[in-house]
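1. sequence unknown, structure follows:
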């Protein structure tokens, strides 16, 4: 068990080092030897976990959406809003999330399949939109499969613009503005009227998920880390 | 005059070569010597036009939005739609436009001010939204300065997602879907009902601008190229 813990921690350290190197140099210019130096592990340890630069990049791409789940909400559109705003909040503060997003947006990363995070976000959004639809929250014309693509694509651009202009300082305001422009086309007016869409929503949800993590019994946390 | 023509052509050739190299390797990994080889010009010729890699990148960033203007439309929201759809169409076909957009989205391009194209697109959108507002096309709550930021940011992400999934093959459908999600929040319903938002709109507007270019007397074209 202790051995497994150490392996998990080593893997995480390597991914964090890889995240930093990818964020700084982009996928193409990044080298495994630089990641090795930054992680402070042996070549053997690195290759035990990751066979190639591509596997390292895919590991970083995967890590952005694996933790912190938003708790179930009675209103599924609010849950979708909370997922988006929590992700925006984490982009401001978590280097792994930031590196994952930058890799996904790196149009020069030839040979790297960058569709993974887009697909997972699209699937998550589509599921929530379908639940919202089943509960009568959506306007009748909405096709969840299409709307989820628009949500994910437009958020990707808004975060990129925020990074270019303010290194994510204005991201919460931009994300809130985007949602205010998209949701009235999708939600029943009485649902739109009930949504919390303000720029402070991300921090609120983050604190809520932190409290939930602290309340979890320790064995659950370990299972989550392995899974 | 002929000398000036040659200089314009050389500058354009260098920018096209730079665009290709930036598109392939990203800003950081690109080198001036590679751009020299690809352009087939002397070092002196290159440095006559561009003092540094940064100037080359800024030249490519500028080139994406300098040509092909959409003609005045009586409905200013249609003009905005046409600007967006024409840009999407050119992204599919024009390597210079594509390289400019990739550079603007290159989050690893440290030291390069990537805000230029975003700012120009925001300004263009804001102007058209303000004209639309003056004509009574917008819903009363709309703030053109905010909506233009949402339009530009969300389009940037949708194009990036399209590049990752289909190398721009599905861009027209994605752009059309984005506009269908954003415009009902912004436009008076009778204006929304009148808009051409289909995926074929970009090609139609492109053909229209091509016809206008062909009809222009030659001296105008030259002035446009110099300016």
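-> Happy to help now that I have it. Please read these numbers as outputs of a predicted model, since none were measured by experiment.
2. in chain A, what residue is nearest chain B?
-> Chain A approaches chain B most closely through residue A:157 (2.4 Å), counting by Cβ to the nearest Cβ. For glycine as for every other residue, the C-beta is placed from the backbone atoms N, C-alpha and C.
3. for the helix or strand where residue A:162 lies, what is the average pLDDT?
-> Counting by DSSP states H and E, the element that carries residue A:162 is helix A:144-166. Averaging pLDDT along helix A:144-166 gives 95.
4. would you mark the buried spots in that helix?
-> A:144, A:146-165 (16 or more other Cβ atoms under 10 Å in any protein chain shown).
5. quick check: angle from whichever helix or strand comes after that helix to helix B:144-166?
-> Downstream of helix A:144-166, the first helix or strand assigned by DSSP H and E is helix A:171-182. Computed with axes from the mean of the first three to the mean of the last three Cα atoms, to 10 degrees, the direction of helix A:171-182 lies at 90 degrees from that of helix B:144-166.
6. any bit of helix A:171-182 sitting next to chain B?
-> Yes: Helix A:171-182 lies within reach of chain B by Cβ under 8 Å from any Cβ of the partner chain, at A:174, A:177-178, A:180-182.
7. now do the helix holding residue A:162: which elements does it pack against?
-> When contacts are defined as 3 or more Cβ pairs under 8 Å, 6 or more residues apart in numbering or on different chains; DSSP states H and E, helix A:144-166 packs onto helix A:76-93, helix A:95-104, helix A:115-134, helix A:171-182, helix B:115-134, helix B:144-166, helix B:171-182.
8. how about 10 Å then?
-> In terms of contacts (3 or more Cβ pairs under 10 Å, 6 or more residues apart in numbering or on different chains; DSSP states H and E), helix A:144-166 is packed against helix A:76-93, helix A:95-104, helix A:115-134, helix A:171-182, helix B:95-104, helix B:115-134, helix B:144-166, helix B:171-182.
9. for the third one, packing partners?
-> If you count contacts as 3+ Cβ pairs under 10 Å, 6+ apart, helix A:115-134 packs onto helix A:53-63, helix A:76-93, helix A:95-104, helix A:144-166, helix B:144-166.
10. for that helix, buried residues please.
-> A:116-118, A:120-122, A:124-126, A:128-129, A:131-133.
11. I'd say residue A:62 and residue A:19 touch.
-> No: contact criterion Cβ atoms under 10 Å: residue A:62 and residue A:19 do not qualify, at 11.4 Å.
12. which neighbours do those two have in common?
-> residue A:100 (Cβ atoms under 10 Å, 6 or more residues apart in numbering or on different chains).
13. the two: who's more crowded?
-> residue A:19 (28 against 14; other Cβ atoms under 10 Å in any protein chain shown).
14. next, the buried residues of the helix or strand where the more buried one lies.
-> Assessed by DSSP H and E, residue A:19 sits inside helix A:2-29. The neighbour-count check on helix A:2-29 (16+ other Cβ under 10 Å) flags A:10-11, A:13-29 as buried.
15. which of these come close to chain B?
-> A:22-29 (Cβ under 10 Å from any Cβ of the partner chain).
16. about what we covered before: of the helices and strands packed on helix A:115-134, which approaches residue B:36 most closely?
-> helix B:144-166 (27.4 Å; Cβ to Cβ).
17. residues touching the residue lying closest to residue A:170 once chain neighbours are set aside, list them.
-> Leaving aside its sequence neighbours, residue A:170 sits nearest to residue A:162 (Cβ to Cβ, 6 or more residues apart in numbering or on different chains; 5.5 Å). If a contact means Cβ under 10 Å, 6+ apart, then residue A:162 has A:88, A:91-92, A:168-175, B:149, B:153 as its contacts.
18. reformat those as a markdown table; add distance to residue A:38.
-> Formatted as a markdown table, the contacts of residue A:162 follow (distance: Cβ to Cβ, whole Å):
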| residue | distance to residue A:38 |
| --- | --- |
| A:88 | 27 |
| A:91 | 21 |
| A:92 | 22 |
| A:168 | 22 |
| A:169 | 26 |
| A:170 | 29 |
| A:171 | 26 |
| A:172 | 30 |
| A:173 | 33 |
| A:174 | 31 |
| A:175 | 30 |
| B:149 | 36 |
| B:153 | 32 |
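19. which of those sits closest to residue A:3?
-> residue A:91 (33.7 Å).
20. the closest one against residue A:169, yeah?
-> No: the pair residue A:91 / residue A:169 is not scored as a contact, 11.3 Å apart, by Cβ under 10 Å.
21. those two: who's more crowded?
-> residue A:91 (22 against 11).
22. what mean pLDDT does stretch A:91-99 get?
-> The model assigns stretch A:91-99 a mean pLDDT of 85.
23. for it, buried residues please.
-> For stretch A:91-99, by 16+ other Cβ under 10 Å, it's A:91-92, A:94, A:96-99.
24. mark out where each domain of chain A begins and ends.
-> By the record's domain assignment, chain A is partitioned as A:2-63, A:76-226 (automatic domain parsing).
25. show the contacting residues for residue A:159.
-> Contacts of residue A:159 by Cβ under 10 Å, 6+ apart are A:87-88, A:91-92, A:98, A:101-102, A:105, A:168, A:171, A:174-175, A:178, B:107, B:153, B:156-157.
26. follow-up on the earlier one: between the buried residues of stretch A:91-99, which is nearest residue B:208?
-> residue A:91 (40.2 Å).
27. for chain A, give me the ranges with low pLDDT.
-> Applying pLDDT under 70 to chain A flags residues A:1, A:64-68, A:107-108, A:217-227.
28. quick one: is stretch A:80-89 near chain B?
-> No: using Cβ under 10 Å from any Cβ, stretch A:80-89 never reaches chain B; the gap is at least 12.4 Å.
29. can you check stretch A:186-193 too?
-> Yes: contact of stretch A:186-193 with chain B is found when judged by Cβ under 10 Å from any Cβ, involving A:186, A:192.
30. any buried residues in that stretch, and which?
-> A:186-188, A:191-192.
31. tabulate those (JSON lines), appending secondary structure.
-> What follows is the buried residues of stretch A:186-193, written out as JSON lines (DSSP: H, G, I helix; E, B strand; the rest coil):
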{"residue": "A:186", "secondary structure": "coil"}
{"residue": "A:187", "secondary structure": "strand"}
{"residue": "A:188", "secondary structure": "coil"}
{"residue": "A:191", "secondary structure": "helix"}
{"residue": "A:192", "secondary structure": "helix"}
